[in-house]
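Novice: what's the 3D shape of this:
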Amino acid sequence: MTKFFILLAVAAVSSPAQDWARQKLNKSPRHGEWVTIKHGDSAVETFVVYPEIKSKAPVVLVIHEIFGMSDWVQEVADEFADAGYIAIAPDLLSGMGPSGKGTSSFPQGEVTKAVGAQRGSDHR
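Specialist: Numbers count the residues shown, from 1 in each chain. Down below sits the predicted model:
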């Protein structure tokens, strides 16, 4: 399974637009939704995908890489849900983008700079 996800990581880096990931996610039969998780004055926009089961399911936390909350990360969360997990993928740039938004609000090429600026920060 590890080799599979490493291969996905290589594919994600080689396809910046990630249209393939968005298309695959749009065809998924699983329920995915954005929720806001609040703690004090902070709020983190989080993508949650549920498996297609009626029983309780384990949870896996999906942390995005330096490219922020991408279509690929959401698609990986969907794959975990396909494997029977509730997948929770927070956008760790929530509130840090223009107008207080997250990853999707940054101009192209600026996400990696924003993630890099958070390195060593006690912001969260």
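
Novice: Only the buried residues of stretch 61-70, if you could.
Specialist: Buried residues in stretch 61-70, counting neighbours by 16 or more other Cβ atoms under 10 Å, are found at 62, 64, 67, 68, 69, 70. To be clear about C-beta, it is placed using only N, CA and C from the backbone, and glycine gets the same treatment.

Novice: Verify the stated contact: the fifth one with residue 89.
Specialist: Yes - judged on Cβ atoms under 8 Å, residue 69 makes contact with residue 89 at a distance of 6.9 Å.

Novice: Give me the packing partners of the helix or strand hosting residue 46, helices and strands only.
Specialist: Taking DSSP states H and E as the criterion, residue 46 maps to strand 42-50. Applying 3 or more Cβ pairs under 8 Å, 6 or more residues apart in numbering; DSSP states H and E, one finds that strand 42-50 contacts strand 31-39, helix 71-82, strand 86-90.

Novice: so how many other residues sit close to residue 102?
Specialist: 22 (other Cβ atoms under 10 Å).

Novice: Now do the phi/psi pair for it.
Specialist: Main-chain dihedrals, residue 102, degrees, to the nearest 10: phi -110, psi -150.

Novice: I'd say it and residue 94 touch.
Specialist: Yes - between residue 102 and residue 94 there is a contact at 4.4 Å, judged by Cβ under 8 Å.
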